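*Asks:* dropping a prediction and its sequence here:
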Amino acid sequence: MSLSTTFADLILPIPLPKLLTYRVPEAYQTVVVPGSRVIAPLGAKKILTGIVDKVHNTPPDYVTKALIEVLDDAPVIQSLQL
């Protein structure tokens with residue numbers, strides 16, 4: 001991973017005590033913003049739709065998976081709603 005790697009913390013529709021962090025592929029770095037809907041892998045076989053809570057450059061203490069797709073051109077959730 002390079003120093004310019006971008007990460008996104010996701011709100012997923014599963015009961016977790018914290019947000020999960022995913023790597024943002026270079027092609028999506030300009031469109032992934034808080035409030036965006038994205039598709040992300042979970043485990044070996046699950047694919048979930050999540051909401052981006054935060055975009056940052058701080059890697060977590062685990063190996064990250066990459067986001068699969070960004071679903072919207074603009075955020076669907078406003079900062080107040082997050």
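*Replies:* Cool, the structure landed.
*Asks:* so where do the helices sit in this structure?
*Replies:* Along the chain, no stretch is classed among the helices by DSSP state H.
*Asks:* poorly predicted segments of it, please.
*Replies:* 1-3 (pLDDT under 70).
*Asks:* first-to-last residue distance for stretch 72-80?
*Replies:* Terminal residues of stretch 72-80 lie 19 Å apart, using Cα to Cα, to the nearest Å.
*Asks:* show me what that stretch is in contact with.
*Replies:* Applying Cβ atoms under 8 Å, 6 or more residues apart in numbering, the contact partners of stretch 72-80 are 31, 33, 34, 35, 36, 37, 51, 52. For the C-beta atoms, the positions are set from N, CA and C on the backbone; glycine is no exception.
*Asks:* make it 10 Å
*Replies:* Residues outside stretch 72-80 that contact it (Cβ atoms under 10 Å, 6 or more residues apart in numbering): 11, 31-38, 51-53, 81-82.
*Asks:* which of these count as buried?
*Replies:* The neighbour count (16 or more other Cβ atoms under 10 Å) marks 32, 34, 35, 36, 37, 38, 51, 52 as buried among the contacts of stretch 72-80.
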